[in-house]
Every structure is written in C-alpha cells, then in structure tokens.
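K.L.:
okay, here's the prediction I keep looking at, along with the sequence it came from:
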Amino acid sequence: MQLYGSLTSPYVRKIRVALALKGVDYRFEETIPWNDDSPVHQINPLGKVPVLKEDSGAVWYDSAVIAEVLEARVPQPALFPTETEARLQVRQLQALADGICDAGVLIFLERKREPAQQSEAWIARQETKINKGVAALARHLGDRSVLVGDSMTHADIAALCVLQWLDIRAGLRAWKDAYPELARWVESQTRQPAFAETVPPAA
C-alpha cells in the first residue's frame with residue numbers, strides 16, 4: 001500500500017493512525033497538494049489528500065472512504081463496530097469531527113489572507129461550528145474512555161486528530177479551557193505510539 005499525504009493534515013493523520021493500529025506495512029509519500037506538481041493531481045480528481053493506492057493499483061479517497069477500505073482489507077483489530085447502530089454512530093461522530101476540521105481549515109486559510117481581505121464574520125461562523133462540534137463531542141464522551149463501545153474506533157481517531165490539530169496547528173485552543181476533561185482525554189489517549197509518532201509539526 002502507498003499513502004499520499006502531508007505531515008500536517010489531520011485527515012491524513014487519521015489514516016496513518018489507523019494503519020499503525022492495524023499494523024499495516026505501507027509506503028508514505030509526503031506531498032503538498034497545493035503544489036501543481038504533486039502526484040495527487042494525477043490520481044485524485046479533487047487534488048486532495050489523503051489518497052491510498054493499493055498494490056493492485058486501486059486508488060481510494062477521501063479519509064472516510066479509506067477508513068472503510070482498511071477495515072475491509074484488515075479486519076483486525078476492528079476500528080468499526082460490527083453492530084449496525086454502533087457502526088452508524090461511529091460514522092456520525094467521524095463526520096462530526098471532520099466537520100470541525102473543515103471549519104478549522106477554513107479559518108486557518110482565511111487567516112493566511114491579507115488582513116484587509118479577511119472576513120471576521122466568516123471566521124466567526126466557522127468558530128461557531130467548531131464550538132458546537134466540540135461541545136457535542138464532550139457531551140458524547142462524558143466520563144468514558146472511548147466514544148463508542150468499549151474500544152477505540154474511527155470516531156475516537158477522528159476526534160483525537162482534529163482536537164490536537166486545533167491546538168497545535170490552528171492555534172484554536174479555547175476548547176481546552178472550556179472542556180478540561182476532554183483535554184485530559186486527548187492528552188491521555190494520544191500518548192499511544194500510533195498518535196505520538198504522527199503528531200503534526202507546530203505551525
């Protein structure tokens with residue numbers, strides 16, 4: 001398997017964590033999709049990462065689809081529950097975490113523009129999405145160690161990756177003060193090698 005992605009992308013990191021947890025041997029091709037010469041543009045019509053290329057030549061994107069592909073190819077350890085309702089819950093929480101991430105990326109990109117061109121109303125709208133999304137994650141987690149069931153799933157992976165990304169890359173750290181128990185959960189869970197070895201570089 002070959003994974004195309006950047007070291008800073010939380011979407012890519014989700015897949016790197018899943019591959020590590022499943023013990024899958026793969027080749028990582030670091031690439032920046034913003035660059036016109038990135039090989040990603042030849043294999044993903046959207047020009048986005050992550051992209052997974054199997055040894056058979058099959059190509060998969062985006063991260064949610066790749067997560068399902070990995071589960072089908074390497075069922076153990078399971079990162080999706082087998083029970084239908086629990087599996088749907090994992091998918092919904094994964095979508096929630098991805099939505100938080102989408103909003104964070106939009107803020108990150110907006111802040112890269114010239115100050116006079118930045119829209120504070122646009123930024124505030126994305127911040128509202130993040131705040132509501134993180135609140136929903138905190139409520140769902142409660143005092144448990146995982147979001148669904150009794151073992152780590154893609155819901156936890158997605159949540160942990162986006163929350164660390166908000167802190168390390170996006171500079172959006174208010175959630176840590178608002179939800180200290182959630183912050184402690186992130187700190188504890190991300191000590192695992194699969195997370196510790198994929199921490200994104202600071203912005």
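P.N.:
Structure's in. What do you need? What you are looking at is a predicted structure, and each value in this text was computed from that prediction instead of being measured. Numbers count the residues shown, from 1 in each chain.

K.L.:
when you work out contacts or count neighbours from here on, use the C-alpha atoms and nothing else.
P.N.:
Will do.

K.L.:
list the contacts of residue 148.
P.N.:
86, 89-90, 155 (Cα atoms under 8 Å, 6 or more residues apart in numbering).

K.L.:
list of residues touching the helix or strand harbouring residue 67?
P.N.:
Secondary structure assignment for residue 67, by DSSP states H and E: helix 63-73. Here helix 63-73 makes contact (Cα under 8 Å, 6+ apart) with 11-12, 14-15, 18-19, 49-52, 60, 78-80, 94, 154.

K.L.:
which elements pack onto whatever helix or strand comes next after it?
P.N.:
Note on helix 63-73: by DSSP H and E, the next helix or strand toward the C-terminus is helix 84-110. The contact analysis (3 or more Cα pairs under 8 Å, 6 or more residues apart in numbering; DSSP states H and E) places helix 84-110 against helix 120-141, helix 154-168.

K.L.:
now the contacts of residue 148: which count as buried?
P.N.:
89-90, 155 (16 or more other Cα atoms under 10 Å).

K.L.:
and of these, the nearest to residue 125?
P.N.:
residue 155 (24.3 Å; Cα to Cα).

K.L.:
I'd say the closest one and residue 87 touch.
P.N.:
No - counting by Cα atoms under 8 Å, residue 155 stays clear of residue 87, with 9.6 Å between them.

K.L.:
what is in contact with the two at once?
P.N.:
Counting by Cα under 8 Å, 6+ apart, residue 155 and residue 87 have no shared contacts at all.

K.L.:
next one: the residue of the chain positioned farthest from its centre from residue 108, what distance?
P.N.:
In the chain, the residue that sits farthest from the middle, by Cα atoms, centre = their mean, is residue 116; the gap is 30.8 Å. Distance of residue 116 to residue 108, computed by Cα to Cα, to the nearest Å: 16 Å.

K.L.:
residue 175 now?
P.N.:
For residue 175, the distance to residue 108 equals 16 Å [Cα to Cα].

K.L.:
before we move on, what about residue 141?
P.N.:
27 Å.

K.L.:
likewise for residue 140?
P.N.:
For residue 140, the distance to residue 108 equals 26 Å [Cα to Cα].

K.L.:
which one's more surrounded, these two?
P.N.:
Under the criterion of other Cα atoms under 10 Å, the comparison of residue 140 against residue 108 puts residue 108 first, with 17 against 14.

K.L.:
quick one: contacts for the more buried one?
P.N.:
residue 170.
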